[in-house]
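Student: Pasting a predicted model and its sequence here:
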Amino acid sequence: MQNVDWPTIGFFIALVFFGWLNIYGASYNFDQTSIVDFSNRAGKQFVWILGSIAMGGTLLLIDYKTYDLLAYVAYILMLLLLIATPFLAHDIKGSLSWISLGPVSLQPAEFAKCIVALAVAKYMSRYDYKLRGWRDLIVPFALIGVPALVIMILQKETGSALVFAAFLLVFYRQGMTPHILWSCVAAVTLFILSIRLSTIPLPIGSGDVGMVSCMILLMAIEIFFICKEHPKRWQLPIMLAVIAATYGIGALINIWWVVPFNWMSVGIVVALSIYAMIISLYYRRYSLIWIAVFGLVCIGYTQVCGFVFNNVLKPHQRTRIEVLLGMKEDLAGAGYNVNQARIAIGSGRFFGKGYLKGTQTKLQFVPEQDTDFIFCTVGEEWGFFGSLIVLLVYLFFILHLISIAERQRTIFNQIYAYAVASIFLFHLMINVGMVLGVLPVIGIPLPFFSYGGSSLWGFTMLLFILLRLDAARMDQLR
Amino acid sequence: MINDLYYKRRYTISGIAIGVVLVYIFRLFYLQVIDQSTKDQAETNALVKQTIYPARGLIYDRNGELLVFNQPIYEVTITMRDMGADWDTTGFCRCLGIRRAEFDERVAEIKDRRKNRGYSRYTPQVFIGQLKKEDVATLQESLFLYPGVQIQKRTLRDYTYNAAAHVLGSVGEVNQNDIDNDAYYSRGDYSGRDGLERTYEKELRGEKGVKVLMRDSRGRMQGSYQDGEMDRTAVAGTDLTTTLDIKLQMLAEELLAGKVGSAVAIEPKTGEVLALASSPAWNPKVLIGNERSNNYNQLLNDPTKPLMNRATQATYPPGSTFKTIQALVCLQEGAITPKTLYACSGPSSTPIKCTHHHGSPVALDKAIEQSCNPYFWCAFRDMIQKGGMEIHMRYEQWRSEVMAFGMGQRFSDTDLSEQSSGNIPSARFFDKHYGETGWKAITIRSLSIGQGEILATPLQLANQAAAIANEGYFITPHLNKNDSMLSHIHYLNIDKEHFAVVKDGMHRVMIYGTGRYYPIEGIEIAGKTGTAQNPHGKDHAIFIGFAPVDDPQIAVAVVVENAGFGATWACPIASMLIEQYLTGEVKRKDLRKRIGSAVLNERVKKW
């Protein structure tokens, strides 16, 4: 036990305790009784906290080999439970993810993260496993993809499913090509550009600013790589001149006929891709082929984006994105939460209104203020100062987890530790980003802060298994 | 670990974590430190400021009689969003005794944002205002059955006496202009619109209180904010004691009934206005409550112009009453002495004929007694053309001494609102009219007998009487008894020794002259009648006077429009007012009845 990482336990206790205070603050009412009155949420959370401490202690007592040993079995059982859940669950706000056990409800998806992390760690730490290429990622992706799809499709819990994207960071650390991360960045950028600006028509011809700006971005990327790889320096001015001339002629023709600038821009990107391929074959710079393919795939992607946004997303999801991108101001509907959260946090000013003195959270202007929107209470009652400290504590906690991960001697431990750090980071990013109006509203909890037994116990399990593995790292051979 | 090719990627991952947190810190800094808009939004979100209306100050007369007080009225308000689907409209209508159709109509009116600009589903809207206690009693008992309905108490003015409407003024809803000019007011507030209510608005209105309540996201009240730290209790308005003697005031209005005119009584030593009556008047009760705007419009359109306060706003040529000023100014300037004699040829006198028959030549005391026009023409001529001095200078000297009586200008240091300035024409006026060298005393001779361009308000006439009674000064006439105005003393440019002869002359008017028919037993009155020629019809009857002669307690001026001789109508009214004030009653019951019931103008309506 002397090997247990006490700083982590310190972080754990600090976050849970401060979270508990804020749950009391968020659910505090004027006829409020004590913080440990079990009829209110802070009292209930107190019970959950006691449970989580007991659970943490138990997890520390279990032999560290058990986790490795039972990873697959647990994974299979967990998958069965996830599939069974929608049939056992009753509908809570459209979500089928809760199982009632007497007086309490549990959300199996919260525990799935931990078990998936163990299974992935077990698979990727096999002696004959080496991450060389995309083929080696098929199984790990399947390990995270299957539960994610079950949760998303059967349980209708998009938020909990998205959390599995955190594993991309784990794979990246283990050697996955960074291009996948870059592709994610590109995908998000292109999505936002094409959707946000698609409603603005071009001043001349037909077409919209969204598509044309996406294509110009792609042209810039392709030109950059072509110039980087191509030995001749005169490429750049020629390419720019040709593109400018094309648009100029287009504008000229537009006097007589309406020119579809969308398709003209797509054409230019296609032409650049073909040019890149020719150069790559001619000069044997084969990496340029990937640039060409990237350009073509992105063209397809932008077309798909528009289609998915307009035809596949559910109306409420579409509205959330529109509100987030500032295309719609729907303060009574989809924008209500975000706007009220902004008001609550903003009205806290620098030092906050004082504990239990926030008017916005007390008077229930912010929905879900003790669960997903708990950070509002922090912002309103503790101000910028308090919010800053909470964010910094989280940051140091995550950085500390990364350093724990780095000191592990087995790949199993390291992968698991990175999974823990990534999941916490992902939750922090999505939850706080949502509350601050930077990211769309995706309902996932803020670890240790949000009210709820399942999430608290899920995170406790995640963290204490890591602590157990870490405590035993000295016993393990390399 | 061995062969860890990707060791450096830990920094990328740490960098991502640091980057995300940094972005959020910047966002928080923007929201909580830079962006100022959220604070107000949060307050309008969660805090409701409920106004507590203070009781308006009461108004008393000089003897402590209550004149104006407050009656409680009730407003029924409805917060639309709290009306559930099962809201019992029928029962509610029965409670208030209204028909269902009326209810629907009123609700539609409230919800119409064109008519009700401040409409919100979340705030209480006035459904019916100005109800009596008994009207809301039934509803009060079953209020719990109607969520969203509140009964709010406010106050309305009420009056003990049907008198002094012009002086007291009225209270009405503030207009946009008031709201823009004074941050104290908000829509739906009441303020004094005229008279004392307006002059003393700041004192009478008190200080509105506020109760800051918290409202949750469903619009339900959740108690007071910060334990009432930001609440302010309402401060009731200050009571006002006026200088009016309500009995005197009521007598004046009684005697003026059926006539168009006014009466003003002043206590000379203090400048306190004892009565300020204007006829036609109205019952102050008609300008309160729901009927206010309707009645106000009727008053506005009445051809006899009851809304005009004739005592302070109407201007008349002072006629013979002006001779008292004329005498004093001429004495002061040495144009005459009490022994100076002028000839009078009666009605055949030139350039101004005399309307009375008396011996000739006459001295000043007799000239006042008999209201001898030729005497005052000669005195005026000698005053203006004395010693061949420049006429402009002499005229302006005369004018400034006349204006020292308060003539030709408003009293600026008083609480009497709605005054007219009257007129004492300037030399420049005549220059314009006749050319700089085109006029002499003879040109403007009608001024000598108070006709022509001279105009004075009844208030100025009463003040003139007070100034003569005081022998050389007056205190600005005013209505607030609490505020001693003794420092607002205005000296005339007339030496004290000149007053004896004028006072004597005025005393003789009441014994031998035009006022001899209305003596009061045991009280010596000094007075002067006047009959002001009026291009629009019959002459105006005017009287000024004070009593008792040797220790004046009251100075009065009475004007009855188109009544003929001053001696016939104005003098008896003044005489009875003096009697009432000095003895507490009017013994001449028959005279009181005869004058009070006489109708000289049929269009005068008693409100």
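Tutor: Right, received. Where do you want to start? Here the structure is a predicted model, which is why all the values come from computation and not from measurement.
Student: can you pull out the helices in the stretch 101-250 of chain B?
Tutor: For the stretch 101-250 of chain B, the helices defined by DSSP state H, counting those that start in this stretch cover B:133-141, B:165-168, B:176-181, B:195-199, B:201-205, B:246-256.
Student: which residue does the stretch 451-600 of chain B bring closest to chain A?
Tutor: residue B:482 (44.8 Å; C-beta to the nearest C-beta). All C-beta spots, glycine's among them, are computed from the backbone N, C-alpha and C.
Student: show me the contacts for that residue.
Tutor: Taking C-beta atoms under 8 Å, 6 or more residues apart in numbering or on different chains as the criterion, residue B:482 is in contact with B:240-241.
Student: Doesn't it lie inside a strand?
Tutor: No - Residue B:482 is assigned coil when assessed by DSSP: H, G, I helix; E, B strand; the rest coil, not a strand.
Student: Phi, psi for residue B:316 please.
Tutor: phi -130, psi 150 (degrees, to the nearest 10).
Student: who's in contact with it?
Tutor: Counting by C-beta under 8 Å, 6+ apart, residue B:316 makes contact with B:455-458, B:532, B:534, B:540, B:542, B:559, B:561.
Student: Any idea what it is bridged to?
Tutor: Here residue B:316 sits in beta bridges with residue B:456, going by DSSP bridges.
Student: now it: how far from residue A:451?
Tutor: Computed as C-beta to C-beta, to the nearest Å, the residue B:316 to residue A:451 distance reads 85 Å.
Student: could you pull out the helices for the stretch 351-500 of chain B?
Tutor: B:364-370, B:373-384, B:391-403, B:427-434, B:458-469, B:499-511.
Student: For chain A, what is the nearest residue in chain B?
Tutor: residue B:38 (2.7 Å).
Student: Correct me if wrong: that residue contacts residue A:341.
Tutor: No - between residue B:38 and residue A:341 there is no contact under C-beta atoms under 8 Å: 10.4 Å.
Student: In chain A, what residue lies closest to chain B?
Tutor: For chain A, C-beta to the nearest C-beta, closest residue to chain B: residue A:346, 2.7 Å.
Student: measure the nearest residue to that residue once chain neighbours are set aside to residue A:347 for me?
Tutor: Spatial nearest neighbour of residue A:346, excluding adjacent residues (C-beta to C-beta, 6 or more residues apart in numbering or on different chains): residue B:38 at 2.7 Å. Separation of residue B:38 from residue A:347 (C-beta to C-beta): 5 Å.
Student: who has more neighbours, these two?
Tutor: Higher neighbour count among residue B:38 and residue A:347: residue A:347, with 26 against 22, using other C-beta atoms under 10 Å in any protein chain shown.
Student: Could you pull up the contacting residues of the more buried one?
Tutor: Residues near residue A:347 by C-beta under 8 Å, 6+ apart: A:353, A:359-360, A:380, B:38-39, B:41-43.
Student: same check, this time on residue A:100
Tutor: A:89-90.
Student: Identify the bridge partners of it.
Tutor: Applying DSSP bridges, one finds that residue A:100 bridges with residue A:105.
Student: Could you report the distance from it to residue A:89?
Tutor: For residue A:100, the distance to residue A:89 - C-beta to C-beta - is 8 Å.
Student: I'd guessed residue A:96 sits against residue A:83; true?
Tutor: No - counting by C-beta under 8 Å, residue A:96 stays clear of residue A:83, with 11.4 Å between them.
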